[in-house]
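[1] okay, structure incoming, though there's no sequence with it:
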């Protein structure tokens, strides 16, 4: 991936149970300091998503790395950025605490 | 739960996506486009830049099926690919 160029990535999620699950996901970027340069244009995260029993879906993320990444001396040795998502089951009335989002 | 709890002084603050969330493609309407994109990635040794045409095709598929808000492709970082297309086909509206 070239900083400044938009890119597409796919994850896959499966609901292995026999009942529909409503999930919500949040993400993490490693190394931590690279997170500020990671810009999501669109993704499947933060909103509740329903997965039917046994359903498997592709989950796209459309993003770019801020071109200022190449100017940051702290990022000079970073050539691998890992984006991970964690799914939580959304419960009635529960809101994920997302600082700065609401 | 919630944000990662590091022992460092900073905590990771997730930011929402600029253009919001993709609805799920429950019926796999754009799976074929996704497969073509993934095939390109594998063939190119995972060079994202080599597969932008197919990435664009995937997003176009989503937009056509209301699985993504319509957005001019030039604004999604594909301006150079659009310009190439319109040079090749002068009648393209």
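    That came through, no problem. The model shown is predicted, which means the values in this text are computed figures rather than measured ones.

[2] C-alpha from now on. contacts and neighbour counts both.
    Fine.

[3] and the closest residue to residue A:37 other than its chain neighbours, backbone torsions?
    Counting by C-alpha to C-alpha, 6 or more residues apart in numbering or on different chains, residue A:37 lies nearest to residue A:66, which is 4.9 Å off, once chain neighbours are set aside. When quoted as degrees, to the nearest 10, the phi and psi of residue A:66 stand at phi -50, psi 130.

[4] got a pLDDT number for residue A:66?
    Looking at residue A:66, its pLDDT is 95.

[5] for the one 5 residues further on, same thing?
    Model confidence at residue A:71, expressed as pLDDT, equals 94.

[6] what's the spacing between it and residue A:6?
    According to C-alpha to C-alpha, to the nearest Å, residue A:71 stands 18 Å off from residue A:6.

[7] looking at these two, which has the bigger crowd around it?
    residue A:6 (23 against 9; other C-alpha atoms under 10 Å in any protein chain shown).

[8] the helices in chain A, which residues?
    Counting by DSSP state H, chain A yields no residue ranges for helices.

[9] spatially central residue in it, please.
    Nearest to the mean C-alpha position of chain A, by C-alpha atoms, centre = their mean, lies residue A:27 at 4.3 Å.

[10] list the contacts for that one?
    A:45, A:83-86, B:14 (C-alpha atoms under 8 Å, 6 or more residues apart in numbering or on different chains).

[11] now the residues you listed in CSV, with neighbour count?
    Putting the contacts of residue A:27 into CSV (neighbours: other C-alpha atoms under 10 Å in any protein chain shown) gives the following:
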residue, neighbour count
A:45, 25
A:83, 13
A:84, 12
A:85, 13
A:86, 11
B:14, 20
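
[12] quick one: which of these is nearest to residue A:12?
    Taking C-alpha to C-alpha as the measure, residue A:85 is the one of the contacts of residue A:27 closest to residue A:12, at 10.7 Å.

[13] what's opposite the closest one in the beta bridge?
    residue A:27 (DSSP bridges).

[14] what does chain A put close to chain B?
    A:1-2, A:5-8, A:26-28, A:32, A:39-47, A:49, A:57-60, A:96-101 (C-alpha under 8 Å from any C-alpha of the partner chain).

[15] in ChimeraX, select just the buried ones from those residues.
    Restricted to buried positions by 16 or more other C-alpha atoms under 10 Å in any protein chain shown, the ChimeraX selection for the residues of chain A next to chain B reads:
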select /A:1,5,6,7,8,26,27,28,39,40,41,42,43,44,45,46,47,49,57,58,59,60,96
